[in-house]
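Student: Give the three-dimensional model of this entry:
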Amino acid sequence: MSHVRTPQPKSRPEWLKSVRAALIATVAVCVVLLAFAWPTATSRVENLPVAVVGPQEQIDTVTQKMPEHLLELHPVANREDVVNGIRSREVYGGIVLGEQPEILTASAASPVASQMLTGVGTNMQRGIDQQVIAGMQQALQKMASGGAAPGGPGAPGQSGAAASDGAASGGAAQAQRGAGATPPTV
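Tutor: Residues are numbered from 1 along each chain as shown. Model prediction:
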C-alpha cells in the first residue's frame, strides 16, 4: 500500500485577517462620517425668508447690495410683525431699518441662517460706521476751512478746548442725521 498524501489547505496568517478587518472598519467609519459631513460642506443659504421693516428706499438699497437669491425679503409693517413672523417660523429673521437698524434672528431655527444674518448685521454696522466717520470728517473740514458761524465754535473769545469740543459734537450731530437719513450700507 502506498501512502498518498493529500495536500492540506493552506491557512492564511492571522495578521492578514486582522488587517482585512481593520480596512473594512476604516471604510465603514469613513462612509458614515461622509454621510454626516457632506450636507454641511455642500449646503448654502439661498432664498432665505427674512422680514424687513423700514422706508422703501432703504429696503431697495438693502436689496441692491445683497447677492442675488440670498434673501427673500418679506416687507412687514413694524418690528412686532417681524418678531411674530420669527416666532411662528414664517421667517428665519428680520431686518429693522430706520433710525436704529437692527437684525433679529431665530438662532434655534438654523445655525447657518443665524450666522448669515449676523454677517449681514455686521456689514450694515460697518457701513453705518463709515457714514458717521465721513460725516464727522466733512464737518471738521468745513469748520477748519472757515465755515464756522459767528458765535459758534472757533469764535473769538472762546477757548481752544471749547472750540474743539463744539466741533466734535457738531460733527457727531451731523453724522447722526446723515446715518438716519440715508440707508445703511450692507
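Student: Now do Val76: how many residues are near it, please.
Tutor: 20 (other CB atoms under 10 Å). Glycine gets a C-beta too; all of them are placed from N, C-alpha and C.
Student: just checking, it touches Gly54?
Tutor: No: assessed by CB atoms under 8 Å, Val76 is found out of contact with Gly54, at 9.9 Å.
Student: Check the secondary structure at Val50 for me.
Tutor: Here Val50 is recorded as strand under DSSP: H, G, I helix; E, B strand; the rest coil.
Student: any idea how far it is from Val96?
Tutor: 11 Å (CB to CB, to the nearest Å).
Student: More neighbours: which of those two?
Tutor: In this view Val50 and Val96 are compared by other CB under 10 Å, and Val50 has more residues nearby, 27 against 18.
Student: Tell me the helices and strands packed up against the one helix or strand Asn123 maps to.
Tutor: In this assignment (DSSP states H and E), Asn123 forms part of helix 111-144. Here helix 111-144 touches strand 48-53, strand 93-96, strand 102-105, helix 160-181, going by 3 or more CB pairs under 8 Å, 6 or more residues apart in numbering; DSSP states H and E.
Student: one more time with 6 Å
Tutor: Contacts defined by 3 or more CB pairs under 6 Å, 6 or more residues apart in numbering; DSSP states H and E place helix 111-144 against strand 102-105, helix 160-181.
Student: Comparing the ones you listed by mean pLDDT, which bottoms out?
Tutor: When these are ranked by mean pLDDT, helix 160-181 comes last with a mean of 41.
Student: is it true that Ala106 touches Gly85?
Tutor: No: using CB atoms under 6 Å, Ala106 is not in contact with Gly85; the gap is 9.2 Å.
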